[in-house]
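1. fold the following for me, if possible:
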Amino acid sequence: MTPQHLVLVGHGMVGQRFLEALDEHSSTTPWRITVLAEEPRPAYDRVHLTSWFTGTSADELSLLPPGFTARLRGAGHRVDLCLGDPATAVDRAARTVTTRAGRTVRYDVLVLATGSYPFVPPVPGHDARGCHVYRTIEDLEAIRDRAAEAGAGAVVGGGLLGLEAAGALRALGLETHVVEYAPRLMALQVDQGGGDILRRKIEELDVVVHTGAGTERIDTGTDGSARSMTLSDGTVLDVGLVVFSAGIRPRDQLARDCGLLTAERGGIVVDERCRTADPRVWAIGECASAADGRVYGLVAPGYAMAEAAARDISGEPGSFTGADTSTQLKLLGVDVASFGDAHGVTEGATGVVYASQRAAVYRKLVVGPDGRLIGGVLVGDTAAYDVLRPLALSGGDLPAAPEQLVLPPGQVAPLGPPELPDDAVVCSCHHVTKAVIAGAVRDGGCTSAAQVRKATRAGTGCGSCAKAVESIVRDGLTASGAEVARGLCEHFAHTRAELFEIVRVKGISTFSRLLAEHGSGDGCEICKPVVASILAGLDRGHILDGEQGALQDTNDHHLANLQRNGSYSVVPRIPGGEITPDGLITIGGIARDFGLYTKITGGQRIDLLGARVDQLPLIWARLVDAGFESGHAYGKALRTVKSCVGQTWCRYGVQDSVALAIELELRYRGLRARTSSSRRSPAAPASARRHRARTSESSPHRRAGTCIWAATAV
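-> This next block holds a predicted model:
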């Protein structure tokens, strides 16, 4: 059989999902597939794009499974993946596609998955140097490079992506502003009450929020670079970096040029099978205006459209009539979730609200006229999202009155996956129900969440349902009488606590011996740092000697914090923040001689940034000679104990807080504090998992008239 030729224009998340669905539903029909991709790399995970700033590589973000194209060929398909060569024209009469490189590709079936482009308001100066969008890895690279000289930055748009961009700018060390035209942040997802809490929490993180204001113009310097932004209310922001995140527009120009019907507000018009007015052309994802007249900008609807198109092209029944638009994200460290009819626009809908300004928590459940849950907004605490969202989508009966469900944990019985009906959709990205997940355990022989993910795809999309999937798997294994694995990872069947006791009792001092006697395989990024922490905590030799050195992350290797530009920062320990004039002079001299940027940290210490790795031994030699020691800012241990000046200087001080802070810091400076559940890559900065806690008024460690703050790394 001569394969038909299918051309896929676009290889983003939706395009890759279409290829996978086509492979699943066309097992007996061979295809010759040509993929025309604009970007220089295969499809990657845009949902978690911001993780690139914290060390996740482009390869780790890739959605193209190893050997995927080879597997397609093994199934009888012929695949040609053309990267960096997008389609520029479609001739529907000749059934050909022309690419930027001048190639002409004939098709029998054409699938348009061109996605969307960021909307940039046409304000004066929008194209100045230093103005960027937040869409691709190349965009992030440009933002990172500009941030090194910007000083301050602004994000135009306070939606989901805008707040992610603001988090990235803040992590890059910039003074950060968010400008939102609507009266509140995330106006599409949260109501006014949730928006108030969200704004407060974000402003507590030193991000300046401007709502109800638009961008009037961007002024530039003599070199054409952005220097300031003027808002519609007259406010002037001195910013050298501007990120536009003001929404998206469907990329439908290719369809317009070849005469395909497009919607009034953009998007290629498709029917329930995702077919355009031309029976040989389909459109999926953000470039399409669905049968309900909407352009969906989320991954779950895009995946559903890809599935519907693949089924239709393969001759199977399938349709797209709408999709779940729920969202759950951690923005700038703030948990936010929205699902169903979050704004209560359904006729007869009523809302139940719990709000705590003190705890910065907002919960709102929207109940339909029949008493069933139809939507909700959660800010500050989204623990119940995994259960509430599927309940709202399935229309199932609530396990308790909605007035009880909005109450804080501890005041009501915990709500978990067992309360979900079997037909509840747990994974909206791949439309996987609770029954399917439970069946994979009960009938499919799956004994772990990882196996269930592989068998059902549940939890492999945006990842917001991961905890619910694990809970259902655990409950299924328990119900079947199977032993639930408690091991640290696939290489150790023991928990961290058990491994700690094994190392302590048997006097084990190397990872290789522990693996040989109590584990299997070669180890991984989960168990290696945990064992390194155990060995260090039990004082099994210097952490950089022998095998232990290979277990440490980059920061421990070099006694410094790896920065985004490849340089390192050094933060000498200054117990209690007390330092002599000679110590200050030494640090200042090092910063001057090595050309380092200096900053007072939040822990009352001095950060020296910009050191090359070859300069670190010279820097530490001078610091050690002056009496300083390493171990601060990256150690998986207590880092700082901050204090006020105490009774010696403070007119209100009644005890010696400085002496107590020094005593506490020196006493506990070697206390290892890495958690056993850490799944952080060994190369990722330890500071990414920092936890800072202020001692409460009721704490036994807080004495009258003594101000002490403690910061630890976990």
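
2. could you tell me the end-to-end distance of stretch 111-118?
-> 22 Å (CA to CA, to the nearest Å).

3. sorry, that was for stretch 455-473
-> End-to-end distance (CA to CA), stretch 455-473: 12 Å.

4. please apply the same query to stretch 61-69.
-> End-to-end for stretch 61-69, by CA to CA: 18 Å.

5. contacts for that stretch next, please.
-> 13, 16, 19-20, 41-45, 48-49, 51-52, 79, 81, 137 (CB atoms under 8 Å, 6 or more residues apart in numbering). C-beta here means a position set from N, CA and C on the backbone, and glycine is covered the same way.

6. what are the bridge partners for Ser289, then?
-> Counting by DSSP bridges, Ser289 forms beta bridges with Val269.

7. hmm, Leu329 and Ser338 touching each other?
-> No - judged on CB atoms under 8 Å, Ser338 makes no contact with Leu329 at a distance of 9.5 Å.

8. any idea how far the nearest residue to Ile313 once chain neighbours are set aside is from Gly234?
-> Excluding the flanking residues, the one nearest Ile313 by CB to CB, 6 or more residues apart in numbering is Val109, at 5.9 Å. For Val109, the distance to Gly234 equals 55 Å [CB to CB, to the nearest Å].

9. looking at those two, which is more packed in?
-> Shown here are Val109 and Gly234; by other CB atoms under 10 Å, Val109 has more neighbours (19 against 8).

10. contact partners for that one?
-> 4-7, 280-282, 313 are the contacts of Val109 under CB under 8 Å, 6+ apart.

11. out of the contacts of stretch 61-69, which are inside strands?
-> Judged by DSSP state E, the contacts of stretch 61-69 include 79, 81 as members of strands.

12. filter the contacts of stretch 61-69 to the buried ones?
-> 13, 16, 19-20, 41-45, 49, 52, 79, 81, 137 (16 or more other CB atoms under 10 Å).

13. quick one on the thing from earlier: can I get the contacts of Val109 in CSV with secondary structure, neighbour count and pLDDT?
-> Below are the contacts of Val109 laid out as CSV (DSSP: H, G, I helix; E, B strand; the rest coil; neighbours: other CB atoms under 10 Å; pLDDT from 0 to 100):
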residue, secondary structure, neighbour count, pLDDT
Gln4, strand, 15, 89
His5, strand, 18, 94
Leu6, strand, 23, 95
Val7, strand, 25, 97
Arg280, coil, 12, 96
Val281, strand, 23, 97
Trp282, strand, 29, 97
Ile313, helix, 24, 94
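
14. any idea which of the residues you listed is closest to Met305?
-> Nearest to Met305 among the contacts of Val109 is Trp282, at 8.9 Å by CB to CB.

15. that closest one and Ala21 touch, don't they?
-> No - using CB under 8 Å as the test, Trp282 is too far from Ala21 to be in contact (11.9 Å).

16. now do the shared contacts for those two.
-> Common neighbours of Trp282 and Ala21 (CB under 8 Å, 6+ apart) are Ala309.

17. endpoints of stretch 54-68, how far apart?
-> End-to-end for stretch 54-68, by CA to CA: 28 Å.

18. avg pLDDT for that stretch?
-> Regarding stretch 54-68, the rounded mean pLDDT is 84.

19. distance from the chain centre to that stretch, please.
-> With CA atoms, centre = their mean, to the nearest Å as the basis, stretch 54-68 stands 15 Å off its chain's centre.

20. quick one: contacts for Thr586?
-> So Thr586 contacts 622-623, 626, 628 (CB under 8 Å, 6+ apart).

21. format these as a markdown table; extra columns: pLDDT.
-> Shown next, in a markdown table, are these (pLDDT from 0 to 100):
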| residue | pLDDT |
| --- | --- |
| Arg622 | 92 |
| Leu623 | 91 |
| Ala626 | 91 |
| Phe628 | 89 |
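
22. are any of these buried, and which?
-> Among the contacts of Thr586, those scoring as buried are 623, 626, 628 (criterion: 16+ other CB under 10 Å).
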